[in-house]
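Enquirer: Pasting a predicted model and its sequence here:
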Amino acid sequence: MPGGVTAVVAGTISPPGPRSTQAARAPVRCGPGPGPVRAHAVRPSVGPIPGPIHVVKFGSSVLAAPKEYRRVAGHVRDEVARGRKLITVVSAMGSTTDALLATAHAVAAEPPDALVGTLLATGEEASVALLRIALTDVGVRSVGFTAAQLCVRTRGPLRDADPVAVDTGRIAAALARSDVIVVPGFVGVDVTTGVPSLLGRGGSDLTALFLGQAMGAVEVRLVKDVDGVFPGDPRRNTGLTPLRTVSWDRVRCIGGGVVQDKALSFAARHRLGFRVAAMGGRGTWVGDAVRPPSP
């Protein structure tokens, strides 16, 4: 991976530039950015990362109950056995987010957005810990990040923000010493104020795609409770089969909420292909009409 400074601003990535010794040694703090306009991530030299980087996201419907964490851990173990380096993005377990949000509104009619972000982040961070417990139990070493440690900087409304920067060096350093890192989806840190922010409903999809783009991953896979994108509602028409390849715009037209709209827009803007699949399934390749990579 190249060294230097990687700037990810409003969904765009600028090439690495020269890096001073001082910049390489300075720690990257997660808090208010250097100004209201730009944010950047310092990528220190950590040497080559052995193995291709894959970003795999597991949503709340997949992590619906404690037993599912063991199932996911087994899947991750199999991926590591194939020589892959995994950035594993997790959502909160099951209905945890809804329960926390309902509790906040039971306490106050209009809870402050910054405190709602703080509260909901606990659900994602608990999920990180639970998956790491399951991974340890099946013999897989992992490194975990809290929202503050991952420090996806965002801009925009605190409950529906857009990711603009991340410290890729910190992620690369973790991957250099472990095959698996586990990070929370959906949550970030406002670039101007340093307060917790959220990426909108379904925001873990956007987290995964954003990290895949920033880290130059060879694959981004969104693991769902259905094996891909269907041309209609498979619950109403059991004869439907998933599409094997589909464009970003077609997924948006089909609707159904399988992939977050903001995540689709981000992927289309960067021509970033990704796979939507059930765990162990072939699923659907979303992207340009070219031969997709093997699952």
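Expert: Everything's here; your move. Numbers count the residues shown, from 1 in each chain.
Enquirer: what packs against the helix ranked longest in the chain?
Expert: As assigned by DSSP state H, the longest helix anywhere in the chain is helix 113-137. Applying 3 or more Cβ pairs under 8 Å, 6 or more residues apart in numbering; DSSP states H and E, one finds that helix 113-137 contacts helix 66-81, strand 85-90, helix 96-107, strand 142-144, helix 147-150, strand 180-184, strand 187-190, strand 196-198. C-beta coordinates here come from the backbone N, C-alpha and C atoms, glycine included.
Enquirer: Can you point out the buried residues in it?
Expert: By 16 or more other Cβ atoms under 10 Å, the buried positions in helix 113-137 come out as 113-114, 116-117, 119-125, 127-128, 130-132, 134-135.
Enquirer: likewise stretch 137-149?
Expert: Buried, per 16+ other Cβ under 10 Å, within stretch 137-149: 140, 142-148.
Enquirer: Quick one: end-to-end length of that stretch, please.
Expert: End-to-end distance for stretch 137-149, by Cα to Cα, to the nearest Å: 24 Å.
Enquirer: Can you pull out the low-pLDDT segments for the stretch 151-295 of the chain?
Expert: 289-295 (pLDDT under 70).
Enquirer: Just send the helices and strands packed on helix 113-137 back as TSV, with distance to residue 235 too.
Expert: Putting the helices and strands packed on helix 113-137 into TSV (distance: least, Cβ to Cβ, whole Å) gives the following:
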stretch	distance to residue 235
helix 66-81	20
strand 85-90	25
helix 96-107	20
strand 142-144	34
helix 147-150	33
strand 180-184	29
strand 187-190	30
strand 196-198	28
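Enquirer: Residue 274 is nearest to which of the ones you listed?
Expert: Nearest to residue 274, of all these, is strand 85-90, at 12.0 Å by Cβ to Cβ.
Enquirer: Now do that closest one: distance to the chain's middle.
Expert: 8 Å (Cα atoms, centre = their mean, to the nearest Å).
Enquirer: got the phi/psi numbers for the residue of the chain most remote from its centre?
Expert: No residue in the chain sits farther from the centre than residue 239, which is 31.8 Å out by Cα atoms, centre = their mean. The phi and psi values for residue 239, taken as degrees, to the nearest 10, are phi -80, psi -10.
Enquirer: Contact partners for it?
Expert: Not one residue lies near residue 239 by Cβ atoms under 8 Å, 6 or more residues apart in numbering.
Enquirer: What separation do you get for it and residue 232?
Expert: 10 Å (Cβ to Cβ, to the nearest Å).
Enquirer: how about the residue nearest to residue 127 when sequence neighbours are not counted, what does it touch?
Expert: Closest residue in space to residue 127, ignoring its immediate chain neighbours: residue 90 at 4.5 Å, by Cβ to Cβ, 6 or more residues apart in numbering. Residue 90 is in contact with 57-58, 63, 124, 127-128, 131, 182-185, 204, counting by Cβ under 8 Å, 6+ apart.
Enquirer: Give the bridge partners for residue 90, please.
Expert: Per DSSP bridges, the residues bridged to residue 90 are residue 58, residue 184.
Enquirer: Let's see the pLDDT reported for it.
Expert: pLDDT, residue 90: 98.
Enquirer: For it, give its distance to residue 68.
Expert: 11 Å.
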